[in-house]
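> Next comes the sequence, and after it the predicted model I'd like to discuss.
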Amino acid sequence: MIEAGVLVDLTEDPEGVPIYWHLPINRNTIALPDSRPLWDVIWENRHKDLGFAHSHPGSGTPGPSHEDMTTFAAIEAALGKRLVWWIVSSDSYIDLGWAGPHKLSYRVGPCMFQPSWVERLRVESEYQIK
C-alpha cells in the first residue's frame, strides 16, 4: 500500500469530479507529501466547491491523524473557505468537515454512497484486496 490523493470538484456533481490525482514520486505507506503542483491546482480551483481524499493503510474505518487535521486547517485558512475531506481505507471511507469551534474540530459525516473515484483511489494506493 502507498498513500495517494485526489482533488475533487463538487461544484456541479454531489459525487464529485476528480480534477487532480496527487501521486508524488516520494509518497509512501505513511506519508503523502505536499507539492507545489498540488497547491497550484487547489489555488486555481479555489472558487469551486472542493474536496480532497487520501488513502490510509489498512482496512476498516479510517480516522484522521493529527497531521491530517493540521493540514486540513492550514489549507482552509489559506483558501479562506472550508473543504470536504475524505480518508479511504482498503474497504471503507469517511468524510470530514470542520464543525468548530476550535481550529481542529472536525466531525465525521455519514457516507451515504461511495463515489466512483474511490475505487480508483484504492487502485492508485496499490491495496492488496483479497
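Done, it's in. Residues are numbered from 1 along each chain as shown.
> and residue 13, how many neighbours?
10 (other C-beta atoms under 10 Å). C-beta here means a position set from N, CA and C on the backbone, and glycine is covered the same way.
> before we move on, what about residue 68?
If you count neighbours by other C-beta under 10 Å, residue 68 ends up with 19.
> and residue 95, how many neighbours does it have?
Neighbours around residue 95, by other C-beta under 10 Å: 18.
> in what helix or strand does it lie?
strand 93-98 (DSSP states H and E).
> Name the strands paired with that strand and say parallel or antiparallel.
strand 84-88 (antiparallel), strand 106-109 (antiparallel) (DSSP bridges).
> Can I get the longest one in PDB, CA atoms only?
What it means is strand 84-88. Backbone C-alpha positions of strand 84-88 (Å, rounded to 0.1, in the frame of the first residue of the first chain) are rendered in PDB as follows:
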ATOM      1  CA  VAL A  84     -14.800  18.300   2.400                       C
ATOM      2  CA  TRP A  85     -12.100  15.800   3.400                       C
ATOM      3  CA  TRP A  86     -12.200  12.100   2.800                       C
ATOM      4  CA  ILE A  87     -10.000   9.300   4.200                       C
ATOM      5  CA  VAL A  88     -10.100   6.000   2.400                       C
END
